[in-house]
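Asks: My questions are about this predicted structure, shown below with the sequence.
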Amino acid sequence: MKSIKYLLFLSFSAIILSCSDTKIVENLPDDSETAAPISGYFKKRVLIEDYTGTWCGNCTRVAYAIEQVNLQTDKAVTVAIHNGIDPYHFPDYEPLKNLIVGNNDLELPQSRLNRTIVWSSPEPSNIQQVKALTGNNCGLGLAMNTSVENGNVNIDVNVKFSQNYSNLKLVVYLLEDHLHYAQRNYTTYYNGVNPIPNYEHNHVLRKNLTDLLGDNLGTETTLGQTITKSFSIPVPASVSNAENISFVAFVVDSNNLVINARHAEKNENQSFEQNP
């Protein structure tokens, strides 16, 4: 009888504690690469930021690895950030340099996954490291509506949430594709040709539409919420051909780690990649 009373006391105490002191913990889904899609969550993409240069003979190793990634998954989003004596040099790279290497010199090649994760070298042998960061069950999704016409760029970036987050930031890039310029090559990739004449440089960073480290999305974002951020600028002078503009948007957490990313072409109206 005493043991029964004791059990009842413990049960009653647990109820009181659950009402006053215990925080509710969300049951988050498995967001690993092979997990089955769960209704309401979003396709999870990985961001590759490739710090590169036309003069960098070893950067072709990373370029080749990115090509192999794209043959194996459609969930990779790539940005090429050119540096140095290079026709596509991105002049405002310093905040990114400080993020990935601190006060050290930016020695190329450098590549980062989801902004802060080092892609292990040799990158072509570590394709699975990239794929492992993709999945089907991300807690937020992105969709862009873009237009490039009459010398102006307009873009709406929509972010939708299927779980709660705190202290997120949005980064939006304007890129240019189909740029042709000779590429130094000190590797055996691309048949060991050096330099590679008329090499096609794609997803080249031309302009950041937000702060490079992101614009705040608010202290708290909640399940079911959708946030829209709009941008309107003239076509940047650095762009060679406005027909080849594209965009990348991604959301980072308070540690600058990318939660999800997405690429969009010009004049594209996207829907959220949300599981039915």
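Replies: Thanks, I have it. Numbering: from 1, shown residues only.

Asks: So for the chain, which residue is the most central one in space?
Replies: By C-alpha atoms, centre = their mean, the chain has its centre lying nearest to Leu47, at 3.4 Å.

Asks: so who does the closest residue to it other than its chain neighbours touch?
Replies: Nearest residue to Leu47, sequence neighbours excluded (C-beta to C-beta, 6 or more residues apart in numbering): Ala261, at 4.1 Å. Where C-beta positions appear, they are placed from N, C-alpha and C, glycine not excepted. Shown in contact with Ala261 (C-beta atoms under 8 Å, 6 or more residues apart in numbering): 45-47, 77, 114, 142, 248-251.

Asks: Show me which positions of the helix or strand encompassing Ala261 end up buried.
Replies: Here Ala261 sits within strand 258-265, counting by DSSP states H and E. The neighbour-count check on strand 258-265 (16 or more other C-beta atoms under 10 Å) flags 258-264 as buried.

Asks: Equivalent analysis for stretch 100-115, please.
Replies: Those would be 100, 106, 108-115, for stretch 100-115 by 16+ other C-beta under 10 Å.

Asks: Could you work out the most separated pair of these?
Replies: Leu108 and Asn114 (19.7 Å; C-beta to C-beta).

Asks: wait, isn't Val251 in contact with Cys138?
Replies: No. Contact between Val251 and Cys138 fails when scored by C-beta atoms under 8 Å: they sit 9.6 Å apart.

Asks: between those two, what contacts are shared?
Replies: 259-260.

Asks: When the two are compared, which one has more neighbours?
Replies: Val251 (27 against 24; other C-beta atoms under 10 Å).

Asks: which ones are touching that one?
Replies: With C-beta under 8 Å, 6+ apart, Val251 has these contacts: 140, 142, 159, 168-171, 214, 217, 258-261.

Asks: if you set the cut-off to 10 Å instead, what comes out?
Replies: 138-142, 157, 159, 161, 165, 168-171, 214, 217, 221, 227, 257-262 (C-beta atoms under 10 Å, 6 or more residues apart in numbering).

Asks: can you map out the helices along the stretch 101-250 of the chain?
Replies: All helices of the stretch 101-250 of the chain, identified by DSSP state H, counting those that start in this stretch, fall at 127-131.

Asks: all strands in it, in order from the N-terminus.
Replies: 110-113, 117-118, 135-138, 140-149, 152-161, 165-166, 169-176, 179-183, 196-201, 204-208, 215-216, 220-221, 226-234, 245-252 (DSSP state E, counting those that start in this stretch).

Asks: Output those in TSV; the columns should cover mean pLDDT and distance to Asp92.
Replies: Listed next are the strands of the stretch 101-250 of the chain as TSV, based on pLDDT from 0 to 100; distance: least, C-beta to C-beta, whole Å:
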stretch	mean pLDDT	distance to Asp92
strand 110-113	98	17
strand 117-118	98	23
strand 135-138	97	29
strand 140-149	98	21
strand 152-161	98	17
strand 165-166	97	27
strand 169-176	98	12
strand 179-183	98	19
strand 196-201	98	19
strand 204-208	98	7
strand 215-216	98	15
strand 220-221	93	28
strand 226-234	98	15
strand 245-252	98	16
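
Asks: neighbours around the closest residue to Gln68 other than its chain neighbours, how many?
Replies: Of all residues not flanking Gln68 in the chain, Ile127 sits nearest, at 5.4 Å (C-beta to C-beta, 6+ apart). Using other C-beta under 10 Å, the number of residues around Ile127 comes to 18.

Asks: ok, how many other residues are close to Pro95?
Replies: 11.

Asks: who's in contact with it?
Replies: 208, 211-213.

Asks: Can I get the buried ones among the residues you listed as something I can paste into ChimeraX?
Replies: To isolate the buried members of the contacts of Pro95 in ChimeraX, using 16+ other C-beta under 10 Å:
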select :208,212
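
Asks: phi, psi of Gln270?
Replies: Dihedral pair for Gln270: phi -100, psi 150, per degrees, to the nearest 10.
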